[in-house]
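Q: Below is the sequence, then the predicted model.
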Amino acid sequence: MSQQKNMSNNSNAHITFIGGGNMGRALISGLIANGLEPNQISVVEANAMTALKLYEDFGVQGIGALEQIAFDFSKNNVVVMAVKPQDFNVVARGLSSKLKHASAPGPLILSIAAGIRLKDMSRWLDHTRCVRAMPNTPALIGKGITGLFADAAVNTSDRALAETICNAAGEVVWVAEEKLMDAVTAVSGSGPAYVFAFLEAMQSAGEKLGLDAQTARKLAYATLEGATQLAHNSDEHAGVLRERVTSKGGTTAAALEVMKQHSWHEILEKAIDAASQRGKIMGDELGKN
Ligand SMILES: NC(=O)C1=CN([C@@H]2O[C@H](COP(=O)(O)OP(=O)(O)OC[C@H]3O[C@@H](n4cnc5c(N)ncnc54)[C@H](OP(=O)(O)O)[C@@H]3O)[C@@H](O)[C@H]2O)C=CC1
Ligand SMILES: O=C(O)[C@@H]1CCC=N1
């Protein structure tokens, strides 16, 4: 069930994105669709073409570089750090010099960067009003899910503000320990890519069996969407739903047997574990700066 809250209630909020690439764009799209006015959002975006496209599509004003920012540091201000993890340190240190001039408590900083830990971002920013978020690209159509983590220093109203922003992109879950953000990243942050890879394989398998590309695509996409919604709306475990499709000695059993022989379940678990490990390594390495 959707937990979305309408952003139009946040009439004073101003959200500045630093980075308006794939994920920044997806979140901006969700926020605008949820009632935030374009003049409530700014984007600091190094790539002029990316910034122009955001302006054309959403009416959101682009700022070429951090140095050109003139923040109004009122209480509702939020800065979303949406640059690549490798660029985070430099951007955070640049932002830190701006934050020094802010009246307390300064803006809420919401980081969506994979791996970057709160203690490191707080150190680089010299700022503790920080929350970590891990959204995913279905945010573009308001169907995302975001994992959130904040440490005990972050108060209830800041948690609510972070949640409201992320709700514009879809559902929200909080995790109790920061290390679980790597698991969230591995399951749902990266997750759409696994699903798209699955769709690609379903479609190409259909084509190899003689279906034209359009028909194979339609069958694959509708099946994924229908099965996902069925599972979502059901109280039963996905395994029970799977068994209902699997007639004894039938076609599904033949397919599942091949998937079992190739350790499909284990492969997916290993892949998701690799993503989580990568998040931890990125956090360890980038945190040394
Ligand atoms: N893509 C996804 O599905 C998800 C991504 N994330 C996280 O979101 C963050 C962004 O990822 P994603 O959107 O995919 O990356 P992108 O590369 O698409 O977007 C980052 C954007 O920031 C720009 N940029 C780089 N340096 C600066 C700077 N100093 N000031 C302003 N803008 C700058 C980049 O420009 P240029 O291209 O010219 O370098 C680029 O347009 C990452 O930290 C990632 O971990 C989280 C969840 C899901
Ligand atoms: O691939 C990545 O590192 C980012 C984080 C989650 C999705 N994309």
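A: Yes, it's here. Numbers count the residues shown, from 1 in each chain. Ligands and ions are numbered 1, 2, ... in the order given.
Q: ok, and the closest non-adjacent residue to E67?
A: Excluding the flanking residues, the one nearest E67 by Cβ to Cβ, 6 or more residues apart in numbering is G94, at 7.6 Å. The C-beta positions use only the backbone N, C-alpha and C, and glycine is treated the same way.
Q: Doesn't L36 lie inside a strand?
A: No - counting by DSSP: H, G, I helix; E, B strand; the rest coil, L36 is not part of a strand but coil.
Q: mind checking the backbone torsions on it?
A: phi -70, psi 140 (degrees, to the nearest 10).
Q: try I63
A: phi -120, psi 130.
Q: Could I have the CA atoms of stretch 274-289 written out in CSV?
A: Extracted as CSV, the C-alpha positions of stretch 274-289 are listed here (Å, rounded to 0.1, in the frame of the first residue of the first chain):
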residue,chain,number,x,y,z
ALA,A,274,28.3,-8.9,-3.9
ALA,A,275,26.5,-5.6,-4.2
SER,A,276,26.3,-5.3,-0.4
GLN,A,277,30.0,-6.1,0.0
ARG,A,278,30.8,-3.5,-2.7
GLY,A,279,28.8,-0.9,-0.7
LYS,A,280,30.9,-1.7,2.4
ILE,A,281,34.2,-1.6,0.5
MET,A,282,33.2,1.8,-1.1
GLY,A,283,32.4,3.1,2.4
ASP,A,284,35.7,1.8,3.8
GLU,A,285,37.8,3.2,0.9
LEU,A,286,36.1,6.5,0.4
GLY,A,287,35.9,7.1,4.2
LYS,A,288,39.7,7.2,4.3
ASN,A,289,39.7,10.6,2.6
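Q: Which residues does that stretch contact?
A: 85-86, 88-89, 114-117, 119-120, 124, 179, 181-183, 185-186, 190 (Cβ atoms under 8 Å, 6 or more residues apart in numbering).
Q: The same query, at a cut-off of 7 Å, please.
A: Stretch 274-289 is contacted from outside by 85, 88-89, 114-117, 120, 182-183, 185-186, 190, using Cβ atoms under 7 Å, 6 or more residues apart in numbering.
Q: From the chain's centroid, how far away is it?
A: Using Cα atoms, centre = their mean, to the nearest Å, the distance from the centre of stretch 274-289 to the centre of the chain it belongs to is 18 Å.
Q: is it up against ligand 1 anywhere?
A: No - residues of stretch 274-289 contacting ligand 1 under Cβ under 6 Å from any ligand atom: none, with a closest distance of 8.5 Å.
Q: Now do that stretch, average pLDDT.
A: Per-region confidence: stretch 274-289 scores 97 on mean pLDDT.
Q: Please point out which parts of that stretch sit buried.
A: Across stretch 274-289, burial judged by 16 or more other Cβ atoms under 10 Å covers A275, S276, R278, G279, K280, M282, G283, L286, G287.
Q: swap in stretch 165-174?
A: By 16+ other Cβ under 10 Å, the buried positions in stretch 165-174 come out as I165, C166, N167, A168, A169, G170, E171, V172.
Q: Go ahead and name everything in contact with that stretch.
A: Residues from elsewhere that reach stretch 165-174 (Cβ under 7 Å, 6+ apart): 2-5, 7, 15, 26-27, 30-31, 34, 78, 110, 133, 135, 138-139, 142-149, 163.
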